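A.B. asks: could you work out the structure for the sequence below:
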Amino acid sequence: MTEKVLSGDEALAYGAVEADVRVVTGYPGSPGTKVLTNILEIYNGDKQRHIEWSVNEKVAFEMALGTSLGGDRALLCLKSVGMNITVDPIMTANLTGVNAGLVIMLGDDPGAWLSQNEQDTRLLVEFLELPIIEPATPQEGKDMMLKAFEISEEFETIIVLREVRGYTMAKGMVKLLDYDEQPPKGFIRKKNRWISTTFNVLENHRKLHEKLNKLSLSFENSPFNSIIGNNRRHCIIAAGFTYSKLPDKKLDDFSILKLGTINPIPRNLIADFLKDAEAVLILEENEPYIENKIKTIVQDARLNIQVFGKTTGHIQRVGEITQNDIYQAMKSVANGKTQVSFNISQTQVSEKTQKTFCEGCPFTPTFEVLSKVIKEIGENPVIIAEPGCSVKLNAPPFEMLDVKYSLGSAIGIASGLARSRAGIKPIAVCGDSSFFHTGINALMNVVTNGTNIFIMVLDNAVTAFTGYQTHPGTGKDIRGNSTIAINIDEIARACQVPYVAVVNPDDQDMMRQEFRSAITSDELSLIVVRKPCPLAK
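C.D. replies: Take a look at the predicted model:
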């Protein structure tokens with residue numbers, strides 16, 4: 001056994017290695033990216049392990065599921081908005097269950113530091129009827145990851161391990177063990193075992209509920225839940241990483257339940273913890289998910305307790321919880337007050353949304369030319385972009401971005417706008433990675449429906465905005481080995497897009513000519529702006 005100071009992400013990666021995970025898939029996005037890259041670094045060229053950046057999260061999940069069915073442990077790494085993409089296959093895989101352990105490492109982003117929303121994915125995971133666990137410290141994260149694979153195999157279920165942004169950066173001493181090689185389980189060939197269809201859905205759904213009930217009983221005695229302190233008059237229930245934010249002062253005035261098993265929630269443990277309490281403060285990131293469950297438990301147990309948290313205004317519901325927020329809420333609860341006011345600073349928000357251009361960015365001259373062409377022809381197109389380098393259209397000196405939603409959405413939104421009676425021609429600006437992610441589906445849709453829009457694909461041969469990860473057009477895999485590079489312009493021609501061109505940002509005259517043609521054309525046009533990112537390795 002050795003000990004190392006690790007970040008939360010590093011600890012989760014070591015946990016996966018100790019679990020002898022054989023296949024790791026994912027799609028870049030923070031929080032979540034660094035768990036996969038840390039596993040890649042730890043395995044350091046071990047070709048018995050397959051690690052990949054998949055084309056999108058749905059494919060990444062399907063890849064991990066197939067590995068599990070084949071009898072080897074698999075890990076999927078993604079962030080909150082990426083979990084949304086996986087819903088369709090998970091809603092069937094939860095019914096059939098799994099073979100070897102299958103864990104989803106899910107990164108939520110309270111405060112939306114690096115996200116287009118502030119969603120609480122615990123709500124989605126409960127809809128998917130999957131168990132959720134959440135660590136408070138790096139050591140617990142490593143232990144949880146290892147335990148998650150054991151739970152997955154014991155209950156034949158997918159299990160979600162949730163981390164939040166603050167946890168990814170937390171540091172702590174972690175005890176590391178040598179991994180035990182897991183023998184392959186092999187594929188189980190049994191009639192209808194891995195088939196979900198009309199005749200067995202209800203039976204499989206009943207079995208799923210039985211699994212969750214058994215898991216709930218198991219979580220009642222989980223080592224990831226613990227009680228600290230003997231003052232049961234005032235209580236705190238701290239879920240996951242919020243436990244690590246508790247201030248050192250004033251803790252003698254409270255008893256604390258550190259909650260690591262989030263769904264199914266250990267109802268009996270909580271009811272027993274609160275049986276002598278007058279008040280309980282619920283600490284959790286994002287929505288009042290645990291808080292609302294506690295209220296139900298309190299009511300069912302007929303306990304006369306005040307439940308404080310996000311719904312009562314004691315903890316802010318928007319943004320990441322700070323240690324000062326918790327301290328102020330604790331003082332209010334201990335003194336019997338019913339309200340705490342919060343002043344949410346907008347400084348950090350404005351700083352992180354005002355993206356500047358990297359030195360030598362090929363898209364600086366691209367957007368300069370686009371801006372000039374728009375002014376020259378007197379057009380006022382709606383510009384629609386996606387997460388990625390194209391969001392810099394919203395920053396000075398351009399500030400010409402009109403619409404931005406989720407990854408792969410620009411082409412679909414532009415085609416809908418083109419069909420409206422607004423009378424404005426849209427320009428869909430997407431990155432190469434997002435085109436492969438889900439933009440390609442929308443491209444085929446606009447072709448078959450003859451929709452007139454201008455699609456600009458910013459092709460810098462890498463997923464730059466999230467840390468220079470590879471994608472199908474890069475020509476390299478995650479380990480740097482050469483692969484076949486798929487050209488977006490060739491895909492467009494194969495889909496019979498009426499007008500396709502490839503331009504280099506260094507040739508501004510050619511860009512001006514092609515942009516003018518695309519904006520004024522009465523047909524669908526796709527222009528690939530191609531130059532490798534100068535910062536990519």
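A.B. asks: tally of neighbours for Val497?
C.D. replies: For Val497, the neighbour count with other Cβ atoms under 10 Å is 19. All C-beta atoms are positioned from the backbone trio N, CA, C, and that covers glycine.
A.B. asks: with Asp459 as the reference, measure out to it.
C.D. replies: In this structure, Val497 and Asp459 are 15 Å apart, going by Cβ to Cβ, to the nearest Å.
A.B. asks: pretty sure Ile427 belongs to a helix, no?
C.D. replies: No: when DSSP: H, G, I helix; E, B strand; the rest coil is applied, Ile427 is found to be strand, with no helix at that position.
A.B. asks: these two touch, right, it and Ala418?
C.D. replies: No: judged on Cβ atoms under 8 Å, Ile427 makes no contact with Ala418 at a distance of 10.5 Å.
A.B. asks: more neighbours: which of these two?
C.D. replies: More neighbours sit around Ile427 than around the other of Ile427 and Ala418, counting by other Cβ under 10 Å; the figures are 25 against 20.
A.B. asks: which ones are touching that one?
C.D. replies: Ile427 is in contact with 370, 381-384, 414, 453-456, 519, counting by Cβ atoms under 8 Å, 6 or more residues apart in numbering.
A.B. asks: now secondary structure and neighbour count too, for those residues, in CSV please.
C.D. replies: Formatted as CSV, the contacts of Ile427 follow (DSSP: H, G, I helix; E, B strand; the rest coil; neighbours: other Cβ atoms under 10 Å):
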residue, secondary structure, neighbour count
Leu370, helix, 26
Pro381, coil, 19
Val382, strand, 18
Ile383, strand, 24
Ile384, strand, 28
Ala414, helix, 27
Ile453, coil, 27
Phe454, strand, 26
Ile455, strand, 29
Met456, strand, 26
Ile519, helix, 18
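A.B. asks: looking at those residues, which one is closest to Glu140?
C.D. replies: Of all these, Ile384 has the smallest distance to Glu140: 42.6 Å, by Cβ to Cβ.
A.B. asks: show me what the closest one is bridged to.
C.D. replies: In this structure, Ile384 has beta-bridge partners Val403, Ala428, where bridges are defined by DSSP bridges.
A.B. asks: and stretch 489-508, how far out from the chain's middle?
C.D. replies: Distance of stretch 489-508 from the chain centroid (Cα atoms, centre = their mean, to the nearest Å) equals 32 Å.
A.B. asks: actually stretch 197-210, not the one I typed
C.D. replies: Remark: stretch 197-210 is offset 28 Å from the chain centroid, using Cα atoms, centre = their mean.
A.B. asks: now what about it, what contacts it?
C.D. replies: By Cβ under 8 Å, 6+ apart, the surrounding residues in contact with stretch 197-210 are 94-97, 129, 157, 192, 196.
A.B. asks: where does the chain have low pLDDT?
C.D. replies: Low-confidence segments of the chain (pLDDT under 70): 248-250, 336-356.
A.B. asks: would you agree Leu257 falls within a helix?
C.D. replies: No: residue state for Leu257 (three-state DSSP) corresponds to strand; a helix is not indicated.
A.B. asks: may I see the buried residues of stretch 357-375?
C.D. replies: Buried residues in stretch 357-375, counting neighbours by 16 or more other Cβ atoms under 10 Å, are found at 357, 361-367, 369-371, 373-374.
A.B. asks: repeat that for stretch 197-205.
C.D. replies: With burial defined by 16+ other Cβ under 10 Å, the residues of stretch 197-205 counted as buried are Asn204.
A.B. asks: mind checking the end-to-end distance for that stretch?
C.D. replies: 11 Å (Cα to Cα, to the nearest Å).
A.B. asks: could you pull out the strands in the stretch 301-450 of the chain for me?
C.D. replies: 306-308, 382-385, 403-404, 426-431 (DSSP state E, counting those that start in this stretch).
A.B. asks: domain parsing for the chain?
C.D. replies: Following automatic domain parsing, one finds the domains of the chain at 2-186+196-219, 226-334, 353-530.
A.B. asks: got JSON lines for these, with distance to Lys537 too?
C.D. replies: Putting the domains of the chain into JSON lines (distance: least, Cβ to Cβ, whole Å) gives the following:
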{"stretch": "domain 2-186+196-219", "distance to Lys537": "13"}
{"stretch": "domain 226-334", "distance to Lys537": "31"}
{"stretch": "domain 353-530", "distance to Lys537": "7"}
